[in-house]
Structure formats: C-alpha cells, structure tokens
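Colleague: my questions concern the predicted model and sequence given below.
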Amino acid sequence: MTDTAHTSASTATVQAYLRFWNSEPGDAQRRAGEDMFRPDITYVAPVGVLAGVAALVDFTRQFREHVGAYSFDARSEPDVHHDRVRLPWQLKVGDAVFAEGTDVLITDESGRITTVSTFLDRAPEGFDPHTDH
C-alpha cells in the first residue's frame, strides 16, 4: 500500500474506531466492530487485556453502566506510519473531561485493526494506572 493509500485507509479506520467507542453497546456496535476489528483483536490497557469484539462491546456496556453517557473524541490528528496509528483521545462524561490517553492501533493490510495499546495520559480521578486492575 502506498503511503497516501495507507493514510487514507488509516483515516477511515480512525473514524470507524471513534464511532465504535461512541456507539451504544448492542448489535449495531458489534457489527461495526466485526467490520473494523480482526476477529482476534487484542486490546491492551491499564485496566486489563481484552480479546475479541464481544469483549470490547461488553467493556463499553460495563463502562456506560458505571459512568453513564460519554463521548470519546480525538484530541488531535492521528500520527500514521506503516501499519501504526497513534491516536490522542479524550473521554468526556457530560461536560467534564474524564480521562485523556493515547491509543496505538496496529492494522492489517486491509486496514482492519489487529491490536490496540492504550496509554492513559491523564487518568480518571482516583485511578492509579500503575496498579494491577
């Protein structure tokens, strides 16, 4: 894939990724996840390691039950090189920024996400990202 083609695919991937996290958990979110993620997706974050689309949908369901409605948005344009995308994000609950972080997405040749590594740049109040969760 050329750099321009890969950047275009990565832009579409990032938009789909943001839509996934902002969707209500359920069948539509699961279908979107199945289109965007590889079936063997691995999500590594301070809160734990998740595998598969169903685990990610369940994670968003549990999170919404805990904090209520939220928005997951890019803080700036993503950085892209090769099969990697670095996405700075913020998570807002109501009008308040709940957390900020950076996700590193690894994509396959078709633009589907194979791995996500999440880093917290500003953890939620009371959350210590350096302890086992």
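Modeller: Perfect, thanks for sending it. These numbers come from a predicted model, not from an experiment. Residues are numbered from 1 along each chain as shown.

Colleague: would you map the helices across the protein?
Modeller: 3-22, 27-36, 53-67 (DSSP state H).

Colleague: which of those helices sits closest to residue 95?
Modeller: When the helices of the chain are compared by C-beta to C-beta, helix 53-67 sits nearest residue 95, at 13.5 Å. Where you see a C-beta, it was placed from the backbone N, CA and C, and this is true even at glycine.

Colleague: which residues are contacting that closest one?
Modeller: The contact list for helix 53-67, computed with C-beta atoms under 8 Å, 6 or more residues apart in numbering, reads 20-21, 23-26, 29-30, 33-34, 37, 39, 41, 43, 50, 70, 93, 98.

Colleague: give me the buried subset of those.
Modeller: 20-21, 23, 25, 29-30, 33-34, 37, 41, 43, 50, 70, 98 (16 or more other C-beta atoms under 10 Å).

Colleague: quick one: low-confidence parts of the chain?
Modeller: 1-9, 128-133 (pLDDT under 70).

Colleague: same list (the helices of the chain) but as CSV, adding distance to residue 115.
Modeller: Formatted as CSV, the helices of the chain follow (distance: least, C-beta to C-beta, whole Å):
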stretch, distance to residue 115
helix 3-22, 12
helix 27-36, 13
helix 53-67, 12
